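J.: predicted coordinates and the sequence they were generated for:
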Amino acid sequence: TLTSVLLLVAALLSEMGSRSVAAGALPAKKLRMAYTTGPLLKFQICKGYSPCYRRVFEEYMRVISQRYPDIRIEGENYLPQPIYRHIASFLSVFKLVLIGLIIVGKDPFTFFGMQAPSIWQWGQENKVYACMMVFFLSNMIENQCMSTGAFEITLNDVPVWSKLESGHLPSMQQLVQILDNEMKLNVHMESMHHHRS
């Protein structure tokens, strides 16, 4: 059974590595469509965002780059508050230590002079199930800590949409209307500046 537990842990660690690559599907930190000039439209999207957010972002990027070829578009992860990031980091390490203790059969409670609770004894009798339970439960909590639900949009660092405030994503029509208004305002401000000088 130790071999099956080790195979399970190897599979779980492999799955964890592939999930971390998939979860950062906005590559590592930033995804850019780099244009040389023009205003910067930045999307900050919930880390570990749903595939739905990815499709919406790609669709917005496609339409906006066709309609406004001068706009530079960037996408990056919207990170949660530091306390939640620290909790998630702690859990990712704690989970591996706990799985290691379950596999080895080392009772951590004796170190503290305590009697092992019945759930620990159950875990020693059912190592595969215990490891899976620790892994998936910890992952669920980690994902909850890292998920913000954010879909924030800024134009030249000025907020133009916040899902955190509005509670929903903008429709394509809303976003285009906002950008049209902002672009007209920018043109108007630039023309006023040129008239003064």
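T.: It's in.

J.: show the pLDDT at residue 8.
T.: On pLDDT, residue 8 comes in at 57.

J.: low-confidence ranges, this structure, go.
T.: Counting by pLDDT under 70, the chain has low-confidence residues at 1-37, 47-50, 185-197.

J.: quick one: the strands in it, in order.
T.: Counting by DSSP state E, the chain has strands at residues 30-33, 40-46, 72-78, 151-155, 158-162.

J.: partners of the third one in the sheet?
T.: For strand 72-78, the pairing partners within the sheet under DSSP bridges are strand 30-33 (antiparallel), strand 40-46 (parallel).

J.: distance to residue 96 and mean neighbour count for the strands of the chain - can I get that in TSV?
T.: Backbone N, C-alpha and C define where each C-beta goes, glycine included. TSV is the format used below for the strands of the chain (distance: least, C-beta to C-beta, whole Å; neighbours: other C-beta atoms under 10 Å):
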stretch	distance to residue 96	mean neighbour count
strand 30-33	29	14
strand 40-46	25	21
strand 72-78	23	20
strand 151-155	32	19
strand 158-162	36	14
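
J.: any chance of the ones you listed in a markdown table, plus distance to residue 99?
T.: Listed next are the strands of the chain as a markdown table, based on distance: least, C-beta to C-beta, whole Å:
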| stretch | distance to residue 99 |
| --- | --- |
| strand 30-33 | 33 |
| strand 40-46 | 28 |
| strand 72-78 | 27 |
| strand 151-155 | 34 |
| strand 158-162 | 39 |
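
J.: residue 122 is nearest to which of these?
T.: Proximity to residue 122 (C-beta to C-beta) singles out strand 40-46 among the strands of the chain, at 36.0 Å.

J.: what comes into contact with the closest one?
T.: 26, 53, 57, 60, 64, 71-78, 147-157, 179 (C-beta atoms under 8 Å, 6 or more residues apart in numbering).
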